[in-house]
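K.L.:
Can you look at this prediction? I've put the sequence above it.
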Amino acid sequence: MSQKNGEYTKSDLEAARILDDFIPDMVFDAHMHHVPTPSRVYDDDFSLYKNDFRPVFGSRKQYANIIAFPVNGMSDEKGKATELVDLSTEIIRNQLIKHPELVAEVMVAPGDSEEDIEKRIAAAGEDRIIGLKPYHLLSVKKPTFNADICEYLPESAWEVAEKRGLAITLHMVKDLSLSDPVNLSYIKEHAVRYKNVKFILAHCARSFAGWTVFESIDEIANIDNIFFDFAGICESPQMFICIKKAGIERALWGSDWNVSALAGKPISLADRFYWIGEKDLERMSGNTEFNSWLVGTENLMAVRQAAQMLELKAGDVEKLFYRNAKELFSK
């Protein structure tokens with residue numbers, strides 16, 4: 001059957017009932033987005049988020065780390081932050097004022113100085129800024145999907161994060177992700193050099209192609225300040241191997257909202273990956289009837305499956321969904 005973005009089907013709701021016995025009473029989302037457009041400056045993103053997840057989370061107490069959804073134009077041709085980054089900072093400040101349940105990460109651009117980043121932290125609401133968020137779309141190298149990490153994560157961000165004990169959430173790129181030797185070398189070297197930085201590798205080290213984390217995680221599994229968020233991952237093996245190798249204490253659940261409201265899922269495919277989307281679902285058919293879920297449902301069901309494979313206890317599941325993020329983001 002086809003499914004529209006944002007539409008909970010009967011099958012989604014059946015999955016939500018299964019998840020009800022699995023998800024703990026409190027949830028801390030380590031990876032929630034806001035959209036930095038002028039029309040959304042005063043929108044209440046966290047309320048929209050909670051409404052989207054109400055079929056799954058019900059009346060559970062919810063906390064979140066809110067970060068900008070990256071868009072083109074957040075940096076200029078020299079890698080300097082544009083007014084869109086200022087807009088994101090304003091949105092974050094408004095959200096933090098409205099919701100004591102939120103913490104946030106401010107965007108960093110490749111051309112930022114330490115002073116630039118410090119000013120942005122202060123403007124966003126210093127006491128609740130727990131991290132920094134680089135993104136490849138701000139790189140001056142084109143196409144940005146081939147950018148090295150150093151081309152969109154400036155050394156100045158590391159210096160500020162080290163001094164303040166902040167997190168850095170990295171969505172790496174390049175086809176091989178963590179198995180790319182330049183990516184892997186950078187991650188190892190910087191995590192060891194900047195021991196006070198909480199270095200979060202988003203999307204299970206961007207293992208939408210699952211094999212990329214299996215082939216390389218042993219290289220970083222013993223570096224204690226590297227963490228893995230599970231945002232947007234809809235296959236259990238990637239989460240399984242991150243927890244098995246690095247430990248439950250370094251795993252964080254994240255929704256990747258509002259990507260979570262899309263219909264479909266990303267899947268490993270040969271040595272790459274493919275995002276099944278709404279258009280794909282409209283044209284898919286098979287000999288037997290099939291259902292589809294929203295990305296958020298796919299992700300949570302995959303987390304549950306990984307937990308079953310690992311035989312996680314209730315206390316471990318609580319760490320994954322709440323306690324790890326609560327402790328990591330406490331200043």
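P.N.:
Received, thanks. Numbering: from 1, shown residues only.
K.L.:
so how far is the lowest-mean-pLDDT helix or strand in the chain off the chain centroid?
P.N.:
Ranking every helix and strand in the chain by mean pLDDT, DSSP states H and E puts helix 278-283 at the bottom, with a mean of 90. How far helix 278-283 lies from its chain's middle: 25 Å, per CA atoms, centre = their mean, to the nearest Å.
K.L.:
residues making contact with that helix?
P.N.:
Here helix 278-283 makes contact (CB atoms under 8 Å, 6 or more residues apart in numbering) with 1-5, 262-264, 292. C-beta coordinates here come from the backbone N, C-alpha and C atoms, glycine included.
K.L.:
what two of the residues you listed have the greatest distance between them?
P.N.:
M1 and L262 (15.9 Å; CB to CB).
K.L.:
Look at the two and report which has more neighbours.
P.N.:
L262 (22 against 13; other CB atoms under 10 Å).
K.L.:
Provide the secondary structure category for the residue sitting furthest away from the middle of the chain.
P.N.:
Each residue of the chain has a distance to the centre, and by CA atoms, centre = their mean the biggest one is for N287: 35.8 Å. When classified by DSSP: H, G, I helix; E, B strand; the rest coil, N287 comes out as coil.
K.L.:
where do the strands sit along the protein?
P.N.:
Using DSSP state E, the strands found in the chain span residues 26-34, 61-68, 102-107, 129-133, 167-170, 198-201, 226-229, 251-252, 265-269, 272-276.
K.L.:
okay, the ones you listed in a markdown table with distance to D44 and mean neighbour count next?
P.N.:
Formatted as a markdown table, the strands of the chain follow (distance: least, CB to CB, whole Å; neighbours: other CB atoms under 10 Å):
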| stretch | distance to D44 | mean neighbour count |
| --- | --- | --- |
| strand 26-34 | 10 | 24 |
| strand 61-68 | 12 | 22 |
| strand 102-107 | 11 | 26 |
| strand 129-133 | 19 | 25 |
| strand 167-170 | 23 | 26 |
| strand 198-201 | 26 | 24 |
| strand 226-229 | 24 | 26 |
| strand 251-252 | 24 | 26 |
| strand 265-269 | 28 | 18 |
| strand 272-276 | 28 | 16 |
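K.L.:
Can you lay out those strands as a markdown table showing distance to E219?
P.N.:
Below are the strands of the chain laid out as a markdown table (distance: least, CB to CB, whole Å):
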| stretch | distance to E219 |
| --- | --- |
| strand 26-34 | 23 |
| strand 61-68 | 26 |
| strand 102-107 | 25 |
| strand 129-133 | 23 |
| strand 167-170 | 16 |
| strand 198-201 | 12 |
| strand 226-229 | 10 |
| strand 251-252 | 18 |
| strand 265-269 | 20 |
| strand 272-276 | 21 |
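K.L.:
of all these, which lies closest to I91?
P.N.:
Closest to I91 of the strands of the chain is strand 26-34 (CB to CB; 5.2 Å).
K.L.:
For that closest one, which helices and strands make contact with it?
P.N.:
Strand 26-34 sits against helix 45-57, strand 61-68, helix 83-98, helix 324-328, with contacts defined as 3 or more CB pairs under 8 Å, 6 or more residues apart in numbering; DSSP states H and E.
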